[in-house]
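Asker: Predicted model and sequence below, questions to follow.
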Amino acid sequence: MVVVSDTSPLLNLERIERLDLLPGLYGQVLAPAAVSEELSKGSQIYEGLPWLSFVSVLDRALVDRLSADLDPGEAEAIALAIEKKADLILVDEKRGRRIATANGLQVTGLLGVLASAKRKELIPEVKTVLDELSEKAGFWLAPELRSEYLQGLGEE
């Protein structure tokens with residue numbers, strides 16, 4: 001399975017010390033150079049992770065076109081996912097998700113990662129992880145969406 005990640009899923013999981021969920025779910029994760037640059041601004045924790053590979057995007061013209069509407073990390077992540085024919089791309093921002101989907105990519109975000117982690121029994125419940133994301137990472141989720149999401153997972 002080829003999985004490409006944008007910055008925010010990696011960064012948010014790092015902030016709650018749960019990066020382990022990604023290799024537990026997907027084995028290997030790819031990210032473009034722009035994501036590496038965004039991540040390195042705050043932490044060196046990503047260097048040497050055996051399951052995370054930073055890869056250069058070859059189609060710079062595609063990156064330039066995508067950059068008209070997206071930040072560099074999202075643009076390169078989508079371009080990389082297209083180049084690598086990824087099975088899944090991890091993107092949280094609405095615009096990035098919409099553009100990735102329009103380009104034929106299968107998309108999930110942090111909430112999808114957490115739901116999968118619960119299904120695979122990597123975490124006992126999502127609610128406590130969401131609480132931690134809110135407290136430590138500033139991850140915001142509208143109360144009605146949070147309630148609906150947790151209900152869908154049988155937690156509320």
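Answerer: Great, that's in hand. Numbering: from 1, shown residues only.
Asker: Quick one: end-to-end distance for stretch 81-94.
Answerer: With Cα to Cα, to the nearest Å as the measure, stretch 81-94 spans 17 Å from end to end.
Asker: residues of that stretch that come out buried?
Answerer: Neighbour counts over stretch 81-94 (16 or more other Cβ atoms under 10 Å) mark 81-83, 86, 88-93 as buried. All C-beta atoms are positioned from the backbone trio N, CA, C, and that covers glycine.
Asker: same check, this time on stretch 106-115
Answerer: Neighbour count says stretch 106-115 has 107-111, 113-115 buried, by 16+ other Cβ under 10 Å.
Asker: contact partners of it?
Answerer: Stretch 106-115 has contacts (Cβ atoms under 8 Å, 6 or more residues apart in numbering) with 8-9, 12-13, 21-22, 25, 86-92, 97, 100-101, 116, 123, 126, 129-130, 133, 139, 141, 149, 152-153.
Asker: If any of those residues are buried, put those into a PyMOL selection.
Answerer: Remark: buried members of those, expressed as a PyMOL selection using 16+ other Cβ under 10 Å:
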select buried, resi 8+9+12+13+21+22+25+86+88+89+90+91+92+97+100+116+123+126+129+130+133+139+149
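Asker: Sort out for me which of the contacts of stretch 106-115 are in strands.
Answerer: 88-90 (DSSP state E).
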